[in-house]
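Participant: Okay, sequence plus prediction incoming.
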Amino acid sequence: MSTESAVANRLDSIEVRSFDYVPPDERHGEPRQVFYMWFGISATVFSLVTGFVGITLGLSFWWTLLSVVLGNVLGALFMAFHAAQGPQLGIPQMIQSRAQFGYYGALLPLVVTWVMYIAFLAIDIVLAGQGFQAVFPWSLNGWMIVLTIPMLLLAIYGYDFINRYNKYQTWLYIALFLGLTVFMFVHGVPRGG
């Protein structure tokens, strides 16, 4: 079976590796997929809300922008060194951290990360549900359930499915963000009512 057809078969199958070691013959992907992955993960309602925290706390736009850029650059710098080990070792970052922290010492970062991701998902679902509820009146709980289904499917079908999804999502968001930017330059920023 060719590599291309093997990847195509994996795109429609349930994730089996999860946090397990990935054998070298199953490792695939290209560096540009990392852009789609991180753009897709970061282009969320929660990220938008978080980006305005500095302004709501009294910082100017430029100080807020500087703090966001510096925070991302510093965070990405340390994560880049750690992430560079992944393709070589064939294991996820949380498992790699055992080398630095030990088998039991890695439990603390694992628990902190687990709680952080659960909180991130919960906040994102609530914010997205509120946004949909504002545009399409229906129960907030109903919208949160409906919006959780695609996330569960992405988790079940795993890495290849997420990469494919994020690629299309990235181009959709770029078009949307460009459109909103042009709209704001032409019509100005809408005032709250």
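Facilitator: Yep, it's here. The shown structure was predicted, so the numbers you read here are calculated from the model rather than taken from an experiment. Numbering: from 1, shown residues only.
Participant: what residue lies at the spatial centre of the protein?
Facilitator: Nearest to the mean C-alpha position of the chain, counting by Cα atoms, centre = their mean, stands Ile41 at 1.9 Å.
Participant: Let's see the host helix or strand of it as CSV, backbone CA atoms only.
Facilitator: Element membership for Ile41 (DSSP states H and E) is helix 32-42. Only the C-alpha atoms of helix 32-42 are listed here, as CSV (Å, rounded to 0.1, in the frame of the first residue of the first chain):
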residue,chain,number,x,y,z
ARG,A,32,3.2,23.7,7.2
GLN,A,33,0.6,21.5,9.0
VAL,A,34,1.8,23.0,12.2
PHE,A,35,0.6,26.4,11.0
TYR,A,36,-2.8,25.1,10.3
MET,A,37,-3.0,23.3,13.6
TRP,A,38,-2.0,26.2,15.7
PHE,A,39,-4.0,28.8,13.7
GLY,A,40,-7.1,26.6,13.9
ILE,A,41,-6.7,26.0,17.6
SER,A,42,-6.1,29.7,18.3
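Participant: that older thread, what confidence value was assigned to the residue nearest to the centre of the chain?
Facilitator: Per-residue pLDDT puts Ile41 at 75.
Participant: repeat for the one 10 residues further on
Facilitator: Model confidence at Gly51, given as pLDDT, is 80.
Participant: could you list every residue that touches it?
Facilitator: Thr64, Val68 (Cβ atoms under 8 Å, 6 or more residues apart in numbering). To be clear about C-beta, it is placed using only N, CA and C from the backbone, and glycine gets the same treatment.
Participant: Let's test this: what are the backbone torsions at it?
Facilitator: Gly51 has phi and psi values of phi -60, psi -20 when expressed as degrees, to the nearest 10.
Participant: Fine by me, thanks again.
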